[in-house]
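Student: Quick check, what structure comes out for this input:
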Amino acid sequence: TIGIAIADVETGILIDCTKAFTDMLGWKREELIGKSQKILHPPDGSDSKVTKEFQMHASTHNELILEVKFMKKTGELLDVEVKSSKIEIGGKTVLQGFFRDITKRKQIEKALEESEHKFRSIFETMEEVFALLEIILDTKGQPIDYRFIEVNPALERLTGLKRETIIGKTVIEIMPDIEKYWIEACGKVALTGESVEIDNYAHAIGKHYHVKAYRPAKNHLAVIFNDVTEKYIASEKHRLYEEQLRIIFETSISGIMMLSPSGKVLVSNRHMPEMFGLQHDELIGSAYYELVHPDQQDSVRAVFNKIM
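Tutor: As a prediction, this is how the structure comes out:
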């Protein structure tokens, strides 16, 4: 609903107004007519800019559009959009204003601004890299490249790539030797909408990354990734260590076995049962002390219990 009011161009005295105008502000028409338009302004002096704008407007013929605070009769403040222009009525120049309550819109804008600030703060400070990418297709609709649309500051820390040097560029422009599997995986997400998680190596950067990718819009994808190089190296070292132990265990000319806390044989190499003239299945699950002479079983058990 738009309220209309007319005021003296020189004094700002209200001459007339519509019911929509009075309903918006909670006043009666007779309470406003003959009064200065300042009665509608907040008492804290925040109307000074508005007053200056109207004074400037009074000396020109241009239309004025403002967003201002108006005060209802109850003291409640409203955000109001004002469109004002000069018109002639009975040979006299007056200001005609169209007023629209935009309080709800301003509240939504403020909430969106606060939300954007909150998420921008998260975006700027998150440990993981966040990147928004646009997939590039060939004439057959197959993914052949992708373009960097936006990235957060973590990108430089985890890859060494600077934001200002990659935004708007494609990954092949930046890293011509990029592995095809990165482009293929990203293309699949952008085209099908199926989210993926990838652990793989980027030779151009020399690091392993754990990547999560999803599609926020057609032919686009968002990726969040971590540098897992140290974790990968530690895992590989552990794998190699276990492989070395397995080789020693399987090729040793000595008998080797692993026992449970109760003394049961859990695992043995092939030489252990051979030493006692047993089959491998006969040894697994037996009590270790049964392998020694009955006269020595008590002393062997005592040593085992002390170790455990």
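Student: Strands of the stretch 151-300 of the chain, start to end?
Tutor: Assigned strands in the stretch 151-300 of the chain, in chain order: 196-202, 207-214, 220-227, 257-259, 265-268 (criterion: DSSP state E, counting those that start in this stretch).
Student: winner for burial among the ones you listed?
Tutor: strand 220-227 (a mean of 20; mean count of other CB atoms under 10 Å). Placement of C-beta: from N, CA and C, glycine included.
Student: Mind giving me the packing neighbours of it?
Tutor: strand 129-137, helix 154-159, helix 180-192, strand 207-214 (3 or more CB pairs under 8 Å, 6 or more residues apart in numbering; DSSP states H and E).
Student: which one of the ones you listed lies closest to Glu114?
Tutor: Closest approach to Glu114 among the helices and strands packed on strand 220-227 is made by strand 129-137 (20.4 Å; CB to CB).
Student: and that closest one, what does it pack onto?
Tutor: By 3+ CB pairs under 8 Å, 6+ apart, strand 129-137 packs against strand 143-151, helix 154-159, helix 180-192, strand 220-227.
Student: TSV for these, including distance to Ile87 and mean pLDDT?
Tutor: TSV is the format used below for the helices and strands packed on strand 129-137 (distance: least, CB to CB, whole Å; pLDDT from 0 to 100):
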stretch	distance to Ile87	mean pLDDT
strand 143-151	49	93
helix 154-159	57	87
helix 180-192	56	92
strand 220-227	50	90
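Student: Now tabulate the ones you listed in a markdown table and tack on distance to Ala213.
Tutor: Listed next are the helices and strands packed on strand 129-137 as a markdown table, based on distance: least, CB to CB, whole Å:
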| stretch | distance to Ala213 |
| --- | --- |
| strand 143-151 | 11 |
| helix 154-159 | 15 |
| helix 180-192 | 5 |
| strand 220-227 | 5 |
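Student: what sits against the spatially closest residue to Val267 that is not a sequence neighbour?
Tutor: Spatial nearest neighbour of Val267, chain neighbours left out: Met258 (4.4 Å); criterion: CB to CB, 6 or more residues apart in numbering. The neighbours of Met258, taking CB atoms under 8 Å, 6 or more residues apart in numbering as the test, are 265-268.
Student: Report pLDDT for Glu242.
Tutor: Looking at Glu242, its pLDDT is 85.
Student: now do the one 4 residues further on
Tutor: As predicted, Arg246 sits at a pLDDT of 83.
Student: At the geometric centre of this protein, which residue do we find?
Tutor: Phe123 (5.5 Å; CA atoms, centre = their mean).
Student: part of a helix, is that residue?
Tutor: Yes - the assignment for Phe123 is a helix, going by DSSP: H, G, I helix; E, B strand; the rest coil.
Student: Contacts only, for it.
Tutor: Counted by CB under 8 Å, 6+ apart, Phe123 has contacts 130, 152.
Student: So it versus Phe21, what's the distance?
Tutor: As defined by CB to CB, to the nearest Å, Phe123 lies at a distance of 44 Å from Phe21.
Student: Relative to Leu25, which of the strands of the stretch 151-300 of the chain is closest?
Tutor: strand 220-227 (46.5 Å).
Student: what lines up beside the closest one in the sheet?
Tutor: Partners of strand 220-227 in the sheet, by DSSP bridges, are strand 129-137 (antiparallel), strand 207-214 (antiparallel).
Student: Make CSV out of the ones you listed and add distance to Leu291 and mean pLDDT.
Tutor: Below are these laid out as CSV (distance: least, CB to CB, whole Å; pLDDT from 0 to 100):
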stretch, distance to Leu291, mean pLDDT
strand 129-137, 57, 92
strand 207-214, 46, 91
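Student: any chance of the ones you listed in a markdown table, with distance to Val171 too?
Tutor: Putting these into a markdown table (distance: least, CB to CB, whole Å) gives the following:
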| stretch | distance to Val171 |
| --- | --- |
| strand 129-137 | 8 |
| strand 207-214 | 13 |
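Student: closest to Gln37 out of the ones you listed?
Tutor: Using CB to CB, those put strand 129-137 closest to Gln37, at 48.3 Å.
Student: Buried residues of the closest one, list them for me.
Tutor: 129-136 (16 or more other CB atoms under 10 Å).
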